[in-house]
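Novice: For reference, the sequence and a predicted model appear below.
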Amino acid sequence: MKYLVSLLLLVTGSYCFAQVGIGTTTPSSAAMLEISGQTSSGEFKGFMPPRVPDVAAQLSINPTAADAGLMVFVESSECLDLWNGSSWQNIYCLGGTPDVWINEFHYQ
């Protein structure tokens, strides 16, 4: 009997596809994880990425190339950083001056 139940669970489990939903009971079948920003009372909420206090704490994470896409918020620099597989890149920094781009074309 135990053998039959185990076999049934194994076979059934191989045909199940699980999507995880946070704040939703019907996650999209195209997504592995769907996070809803609206509560059942109609309020909207945001996404809070993991926060680290400073760059030293960020560097202690020690991600590898397989961890590309890892995201953290560095509190001391107020920057949202993304690991590109070889280094941390700023996505957006609060309170900073925007990058200035000057393009010049000279035609003769």
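Specialist: Structure's in. What do you need?
Novice: Ramachandran angles for Asp67?
Specialist: Phi and psi for Asp67, reported as degrees, to the nearest 10, are phi -90, psi 20.
Novice: mean confidence for stretch 26-37?
Specialist: Stretch 26-37 carries an average pLDDT of 85.
Novice: can you pull out the strands in the chain?
Specialist: 20-22, 33-35, 51-52, 71-74, 79-83, 88-93 (DSSP state E).
Novice: for the second one, which positions count as buried?
Specialist: Right, the one you point to is strand 33-35. Within strand 33-35, the residues scored as buried using 16 or more other CB atoms under 10 Å are Glu34. (Each C-beta comes from the backbone N, C-alpha and C, glycine too.)
Novice: Now do it: which elements does it pack against?
Specialist: Packing contacts for strand 33-35, counted by 3 or more CB pairs under 8 Å, 6 or more residues apart in numbering; DSSP states H and E, involve strand 20-22.
Novice: One more: the longest one?
Specialist: Counting by 3+ CB pairs under 8 Å, 6+ apart, the packing neighbours recorded for strand 88-93 are strand 79-83.
Novice: Give me the contacts around the strand it packs on.
Specialist: By CB atoms under 8 Å, 6 or more residues apart in numbering, the residues outside strand 79-83 that reach it are 49, 58, 63, 67-74, 88-94.
Novice: just stretch 51-67 next, same as before
Specialist: Outside stretch 51-67, the residues that touch it by CB under 8 Å, 6+ apart are 70, 72-77, 81, 83, 85-86, 88.
Novice: which stretches of this structure have low pLDDT?
Specialist: Residue ranges of the chain with pLDDT under 70: 1-17, 96-108.
Novice: can you rerun that using 50?
Specialist: For the chain, no stretch has pLDDT under 50.
Novice: List just the one of the strands of the chain that sits closest to Ser41.
Specialist: Evaluated with CB to CB, these place strand 20-22 nearest to Ser41, the distance being 16.3 Å.
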